[in-house]
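Engineer: dropping a prediction and its sequence here:
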Amino acid sequence: MPLPDFVMYDEEYQRIKAVATRLKDDANAKIVFLVDKNGQQIAACGDLGSIDTTSLASLTAGNVAATDGLAKLIGEKEFSILFHEGEKDNLHISIVGKRGILVVIFDNRSTLGLVRLRVKKTSAELERIFDVIEEKAKHQFEGEKEYESPFAEITENDIDKLFGDD
Amino acid sequence: MAFINHSAKEINCKLVYYGPGLCGKTTNLQYIYNKTNPDLKGKMISLATETDRTLYFDFLPLNLGTIHGFKVRFQLYTVPGQVFYNASRKLILKGADGVVFVADSQDARYEANIESMVNLRENLEENNLKLEAIPYVLQLNKRDLPNVTPVDELTEALRFKGEPVFESVATVGTGVFETLKSCAKQVLNKLGR
């Protein structure tokens, strides 16, 4: 059975944001970014400036997916950490739980060791929040809890309007 | 698998353009990119070889507008069509909310279309998705070329669940937005259920 849709409410979103912000500060990082494995951005904090976050999310997910494929080829379950070193900025990518990817961008004001240490602690916290999200989604999927989809009352007219200007 | 963010009031859906090599998947995305208002689109990314063949994927984020207070975003992906890139194709289908199959109408590509369709079904299954259940559209591309298989014949060979079929010439945009709209519509209708 495919995973149900990923539904995130404000409560969990605020918790995720707070955890990500703390990681950014504790690790002296520039940006902390959380993506789901399908390439959707979940949360971001830090000096995003001119960074194209949508592209960052999709390329990160593609990168992780390709690396996952490589891991399986050599009989590993996954490579849980990817690290890309640049001249100024570095990219630390790690898997969180079943569906999350945590991206930390840092420069020479921090170190790989510090980032790894802080990421480890944060991952455990994020995993717990993801579990809550998944648990809620599962209940909705199985119909145990009433879930009002924002699209429950969608009409053909609503959809046509989206394409009105093409 | 759509991502519904109640906090940001956003909904993100993933559509994948599938089909044999050189059938026009990237051309579909390029046309959509060129014809979409700059405020509504993000950057198009193409991970391609030096000869412009898709190596991994093309990616185009679109903001379609708002429904019931939620911003509706679609992320369009293409897969690399060449047979030997199957591992990558499988990865890109992960979490897809809808699939557009772009068929190459030329006689010479008749079998390549069928092969790619079989491959799509297998790869969906490996991702716990079913072609029977996923929002799906069939596009018959390159209708302007000589030596194309008649529409009826190609439809009979490739259509299998009464999905919408569109004739297209992606290079000039014929049928491109109709295809996208039809697939997006199915995805949104499914979310409402």
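Structural biologist: Okay, I see it.

Engineer: and stretch A:109-127, is it in reach of chain B?
Structural biologist: No: shown here: stretch A:109-127 not in contact with chain B (Cβ under 8 Å from any Cβ of the partner chain), separated by at least 15.7 Å. C-beta here means a position set from N, CA and C on the backbone, and glycine is covered the same way.

Engineer: could you dump that stretch to CSV, C-alpha only?
Structural biologist: Extracted in CSV, the C-alpha atoms of stretch A:109-127 (Å, rounded to 0.1, in the frame of the first residue of the first chain):
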residue,chain,number,x,y,z
ARG,A,109,32.7,29.5,10.9
SER,A,110,31.8,25.9,11.7
THR,A,111,33.4,22.5,11.3
LEU,A,112,32.2,19.2,10.0
GLY,A,113,32.7,17.6,13.4
LEU,A,114,30.4,20.2,15.1
VAL,A,115,27.8,19.9,12.4
ARG,A,116,27.7,16.1,12.6
LEU,A,117,27.4,16.2,16.4
ARG,A,118,24.5,18.7,16.4
VAL,A,119,22.8,17.0,13.5
LYS,A,120,22.8,13.7,15.3
LYS,A,121,21.0,15.2,18.3
THR,A,122,18.5,17.1,16.2
SER,A,123,17.7,14.1,14.0
ALA,A,124,16.4,12.2,17.0
GLU,A,125,14.1,15.1,17.8
LEU,A,126,12.9,15.5,14.3
GLU,A,127,12.2,11.8,14.0
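
Engineer: mind listing what's buried along that stretch?
Structural biologist: A:Ser110, A:Val115, A:Arg118, A:Val119, A:Thr122, A:Ser123, A:Glu125, A:Leu126 (16 or more other Cβ atoms under 10 Å in any protein chain shown).

Engineer: now do A:Glu142, the pLDDT please.
Structural biologist: pLDDT, A:Glu142: 70.

Engineer: how far away is it from A:Lys136?
Structural biologist: 11 Å (Cβ to Cβ, to the nearest Å).

Engineer: higher neighbour count, those two?
Structural biologist: A:Lys136 (18 against 9; other Cβ atoms under 10 Å in any protein chain shown).

Engineer: overlap in contacts of A:Glu142 and A:Lys136?
Structural biologist: Counting by Cβ atoms under 8 Å, 6 or more residues apart in numbering or on different chains, no residue touches both A:Glu142 and A:Lys136.

Engineer: count of residues packed around B:Ile32?
Structural biologist: Counted with other Cβ under 10 Å, residues neighbouring B:Ile32 total 22.

Engineer: so who does it touch?
Structural biologist: Taking Cβ under 8 Å, 6+ apart as the criterion, B:Ile32 is in contact with B:Leu60, B:Leu62, B:Leu76, B:Val176, B:Phe177, B:Leu180.

Engineer: need the helix or strand of chain A with the lowest average pLDDT.
Structural biologist: helix A:156-162 (a mean of 81; mean pLDDT, DSSP states H and E).

Engineer: gap between that helix and the chain center?
Structural biologist: 30 Å (Cα atoms, centre = their mean, to the nearest Å).

Engineer: what about chain A, any weak spots by pLDDT?
Structural biologist: Across chain A, the ranges flagged by pLDDT under 70 are A:1-4, A:141, A:143-148, A:165-166.

Engineer: what segments of it are strands?
Structural biologist: A:6-8, A:31-36, A:41-46, A:81-85, A:90-96, A:100-106 (DSSP state E).

Engineer: B:Lys35 is nearest to which of these?
Structural biologist: Judged by Cβ to Cβ, the one of the strands of chain A that comes nearest to B:Lys35 is strand A:41-46, at 25.2 Å.

Engineer: that closest one pairs with which strands, and in what direction?
Structural biologist: strand A:31-36 (antiparallel) (DSSP bridges).

Engineer: the partner strand vs strand A:90-96, what angle?
Structural biologist: 40 degrees (axes from the mean of the first three to the mean of the last three Cα atoms, to 10 degrees).

Engineer: residues in contact with strand A:31-36?
Structural biologist: A:6, A:16, A:20-21, A:23-24, A:41-48, A:51, A:53, A:56-57, A:60-61, A:96, A:99-105, A:126, B:3.

Engineer: now B:Asn63. Nearest residue, chain neighbours left out?
Structural biologist: Excluding its sequence neighbours, the residue lying closest to B:Asn63 (Cβ to Cβ, 6 or more residues apart in numbering or on different chains) is B:Leu40, at 4.8 Å.
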